[in-house]
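Q: Quick one: sequence plus predicted model below, questions after.
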Amino acid sequence: MAKEPVRVLVTGAAGQIGYALVPMIARGIMLGADQPVILHMLDIPPAAEALNGVKMELIDAAFPLLKGVVATTDAVEGCTGVNVAVMVGGFPRKEGMERKDVMSKNVSIYKSQAAALEKHAAPNCKVLVVANPANTNALILKEFAPSIPEKNITCLTRLDHNRALGQVSERLSVPVSDVKNVIIWGNHSSTQYPDVNHATVKTSSGEKPVRELVKNDEWLNGEFISTVQQRGAAIIKARKLSSALSAASSACDHIRDWVVGTPEGTFVSMGVYSDGSYNVPSGLIYSFPVTCRNGEWTIVQGLPIDEVSRKKMDLTAEELKEEKDLAYSCLS
Amino acid sequence: MDFVIEGIDYTSVIQKALVLLSCVALSWKMIIYMCNLLNIEQDPIRVLITGAAGNIGYAIAPMIARGMMLGPDQPMILHLLDIEPTSRSLEALKMELQDSAFPLLKGVIATTNVVEACKDVNIAIMIGGYPRMAGMERKDVMSKNVVIYKAQASALENYASEDCKVLVVANPANTNALILKEFAPSIPEENITCLTRLDHNRALAQLADKLSVPVSSVKNVIVWGNHSSTQYPDSNHVTVSTQAGDRPIKELVTDQNWLKNEFIAEVQQRGAAVLRARRQSSALSAASAACDHIRDWFLGTPKGTWVSMGVCSDGSYGIPPGLVYSFPVICEKGSWKIVQGLSIDEFSREKMDDSARELAEEKDLAYSCLNA
């Protein structure tokens, strides 16, 4: 008996992350190999033709799971009945733009998207904000869509999480699937804190802590952290475009784990609404270690936090607080 | 006869042993299944992508890494090849693949060295080629590409794994594949194919749209011939699954004229239509079709379903041997087989022959470029 299709919205769908993401969704990477989907692709009017081109290609791919495609520049049509919303659309930072300018453009976009989602999305719609500044865009979305449960509004730090796993696996020359439980704390920006203190590697003699196997705290506390923090910039330097493939893939991982659940003994990183855990101020969208079950995420509690980590976690919370103030000043 | 020695009833022991052995024999399948559940992993398969730094490469790499080409349990090592000017983009692709933490992806080799790229590969997806630029004549495109494919042929022949399956995507796909075959004689010719699955999928989608049914309900369209404007999308044997079982399409599409004209034109011109809308040629759908082509070849086509593949003609359906021509095929145990015995009407005959003629011309042109 086939399942009812799930409606998935991708905003900014005519862009390069959208182009990488939609075939992944249509192949069942995001929601599972037996879950039919209907894709809602939304973008701005100047991108209407390109958006239609993407729709044509999705149809040409004859995906068995893809039961429909809605390609539109109308936010209402885009949001109607959606169960999952991946917000990739946003104003990109251009050369010469100040942080305040980028912030200003994006907060107005996310304020209006908030209204559209609140009114037209399906109840219990799960939202993932990808467009930067991801945490603050998500916060604005939450603030202006008060009837969307705050636990349903998240932002993407899974990309940083996966990058961290990749770096550890490269260092140890082990398959990346043997590494788990890194944590990305905080803001999806250069103040993010990639924390390996609770990460483990599967070995022939069981799970071993990453620190024990790497045997190089200097690297783990220095180069490893800065590599992960600056990886996005490194990709831009090499590609002349920002990461699309890896961002799209991580977005699929984020939603899949949220909906289907995390494997036993594994936690992942998600930007979620802070409840004050680990002394992170509430009222921010902050990346925490979470487990997922029955469609809900829960912050992993009780992990010991050393002094070095504390400082870094506080630093990124500071930045998020500043971004929040900046955002509100733009809106006022 | 009883074996009783020193009070031990050996008959009984033997009987019990026999019973035990029979139980084990009968439950062997179950035991194997349970062992598989212990996740004993398969050896990784090496997949080469040429032209990997381009748009189709960028789309196909994550699809392969997620198991869409080889199945959800088959690990792989990706070999990414492109030319020197793209080496930074190539490196960036490798970085992004690492950053995605794909469980099935056991390694990435990103290189501009064709020997390193071809070494031991089990599957080769040839996307790299010289693109047609404004003002270029057909002869010019052909000339550049045949040189490339002649060189790639040697590299594959010398370094790829013996059982390597090759899929040529870069245009002119059929003729590039032909050149590859001619200059890599030790690669079994059944292992050299070209992509017409994109046209096949486009045809299914057009039919599904006309009938307002899900595309998964439509099957057995055929794309005959050249992956060019002379391709012939043939709906004569299409069936549609309905509540009353599989029905031939003629019962459901009353407009025969549409099937013989607009439908064919839509499919033939779809590439150009996407190019107009996106300002870039199809990447997502080409990548997806390439995954379908390899997956069905590798894992087998579903029962009762055939697909279109550009393969070395054996003279079936009156198509001259010595061309790489798209036929309807079924796949089983890693081999494709042309579906035989399908009725071909006059209309189809003409179109199939047209496309064969074009391929013969391309072949002559290719050889003249090589001898020039």
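A: Arrived safely, thanks for sending. Residues are numbered from 1 along each chain as shown, chains lettered A, B, ... in the order given.

Q: rest of the way, CA atoms for contacts and neighbours
A: Fine.

Q: and the stretch 151-300 of chain B, which residues reach chain A?
A: B:198, B:201-205, B:214-216, B:274-275, B:277-279, B:282, B:284-286, B:288-289 (Cα under 8 Å from any Cα of the partner chain).

Q: List buried members of those residues by neighbour count.
A: Buried by 16 or more other Cα atoms under 10 Å in any protein chain shown: B:198, B:201-205, B:214-216, B:274, B:277-278, B:282, B:284-286, B:288-289, out of these.

Q: Longest strand in the chain, please.
A: As the question left the chain open, I've gone with chain A. As assigned by DSSP state E, the longest strand anywhere in chain A is strand A:285-293.

Q: should've been chain B
A: strand B:324-332.

Q: So for residue 145, what's the pLDDT?
A: All of this is about chain A. At residue A:145, the model reports a pLDDT of 96.

Q: switch to chain B, that's the one I care about
A: Predicted confidence (pLDDT) for residue B:145: 93.

Q: Then residue B:227?
A: For residue B:227, the model assigns a pLDDT of 94.

Q: pretty sure it contacts residue B:198?
A: No. With contact defined as Cα atoms under 8 Å, residue B:227 does not reach residue B:198; the gap is 9.2 Å.

Q: quick one: the strands in the stretch 201-350 of chain B?
A: All strands of the stretch 201-350 of chain B, identified by DSSP state E, counting those that start in this stretch, fall at B:218-219, B:222-224, B:232-234, B:239-242, B:245-248, B:307-312, B:324-332, B:335-338.

Q: Quick one: those strands as JSON lines, columns for distance to residue B:352 too.
A: As requested, these are arranged in JSON lines below (distance: least, Cα to Cα, whole Å):
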{"stretch": "strand B:218-219", "distance to residue B:352": "20"}
{"stretch": "strand B:222-224", "distance to residue B:352": "6"}
{"stretch": "strand B:232-234", "distance to residue B:352": "7"}
{"stretch": "strand B:239-242", "distance to residue B:352": "21"}
{"stretch": "strand B:245-248", "distance to residue B:352": "21"}
{"stretch": "strand B:307-312", "distance to residue B:352": "13"}
{"stretch": "strand B:324-332", "distance to residue B:352": "10"}
{"stretch": "strand B:335-338", "distance to residue B:352": "15"}
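
Q: export those strands to JSON lines and tack on mean pLDDT and mean neighbour count?
A: Below are these laid out as JSON lines (pLDDT from 0 to 100; neighbours: other Cα atoms under 10 Å in any protein chain shown):
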{"stretch": "strand B:218-219", "mean pLDDT": "97", "mean neighbour count": "26"}
{"stretch": "strand B:222-224", "mean pLDDT": "98", "mean neighbour count": "28"}
{"stretch": "strand B:232-234", "mean pLDDT": "98", "mean neighbour count": "26"}
{"stretch": "strand B:239-242", "mean pLDDT": "95", "mean neighbour count": "18"}
{"stretch": "strand B:245-248", "mean pLDDT": "94", "mean neighbour count": "14"}
{"stretch": "strand B:307-312", "mean pLDDT": "98", "mean neighbour count": "28"}
{"stretch": "strand B:324-332", "mean pLDDT": "98", "mean neighbour count": "25"}
{"stretch": "strand B:335-338", "mean pLDDT": "98", "mean neighbour count": "18"}
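
Q: now residue A:301, nearest residue through space, not along the chain?
A: Nearest residue to residue A:301, sequence neighbours excluded (Cα to Cα, 6 or more residues apart in numbering or on different chains): residue A:277, at 7.6 Å.

Q: And residue B:266, by the same measure?
A: With Cα to Cα, 6+ apart as the criterion, residue B:266 has its nearest non-adjacent residue at 7.9 Å, and that residue is residue B:206.

Q: Check the chain and tell me which residue is nearest its centre.
A: All of this refers to chain A. The residue lying closest to the centre of chain A (Cα atoms, centre = their mean) is residue A:156, at 1.4 Å.

Q: right idea, wrong chain: chain B
A: Note: chain B centre (Cα atoms, centre = their mean) maps to residue B:293, 2.5 Å.

Q: wait, it sits on residue B:200?
A: No. Checked against Cα under 8 Å, the pair residue B:293 and residue B:200 is beyond contact range at 10.3 Å.

Q: Low-confidence regions, the chain specifically.
A: Since you didn't name a chain, this refers to chain A. For chain A, the stretches flagged by pLDDT under 70 are A:1.

Q: The intended chain is chain B.
A: Chain B contains residues with pLDDT under 70 at B:1-8, B:33, B:35-40.

Q: one more time with 80
A: Counting by pLDDT under 80, chain B shows low-confidence ranges at B:1-9, B:29-41, B:132-138, B:372.

Q: just the helices in it please.
A: Here chain B has its helices, by DSSP state H, at B:10-26, B:28-37, B:55-65, B:87-99, B:114-118, B:138-159, B:173-182, B:197-211, B:249-252, B:256-260, B:262-278, B:284-299, B:346-371.

Q: cool, the stretch 101-250 of chain A as well?
A: Per DSSP state H, counting those that start in this stretch, the stretch 101-250 of chain A has helices spanning A:134-143, A:158-172, A:210-214, A:217-221, A:223-229, A:231-239, A:245-260. These are given in chain order.

Q: Can you tell me which of the ones you listed is packed in deepest?
A: The highest mean neighbour count among the helices of the stretch 101-250 of chain A belongs to helix A:134-143 (a mean of 26), with neighbours defined as mean count of other Cα atoms under 10 Å in any protein chain shown.

Q: which helices and strands does that helix pack with?
A: Under the contact definition 3 or more Cα pairs under 8 Å, 6 or more residues apart in numbering or on different chains; DSSP states H and E, helix A:134-143 sits against helix A:99-120, strand A:126-129, strand A:153-155, strand A:285-293, helix A:307-331.

Q: quick one: contacts for the closest residue to chain A within the stretch 1-150 of chain B?
A: Per Cα to the nearest Cα, the residue of the stretch 1-150 of chain B with the smallest distance to chain A is residue B:99, at 4.2 Å. Counting by Cα atoms under 8 Å, 6 or more residues apart in numbering or on different chains, residue B:99 makes contact with A:159, A:162, A:163, A:164, A:165, A:166, A:167, A:246.

Q: Make sure the first one is actually in contact with residue A:243.
A: The one in question is residue A:159. No. With contact defined as Cα under 8 Å, residue A:159 does not count as touching residue A:243 (9.7 Å).

Q: quick one on the thing from earlier: now distance to residue A:307 too, for the helices of the stretch 101-250 of chain A, in a markdown table please.
A: A markdown table is the format used below for the helices of the stretch 101-250 of chain A (distance: least, Cα to Cα, whole Å):
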| stretch | distance to residue A:307 |
| --- | --- |
| helix A:134-143 | 24 |
| helix A:158-172 | 21 |
| helix A:210-214 | 16 |
| helix A:217-221 | 12 |
| helix A:223-229 | 16 |
| helix A:231-239 | 25 |
| helix A:245-260 | 29 |
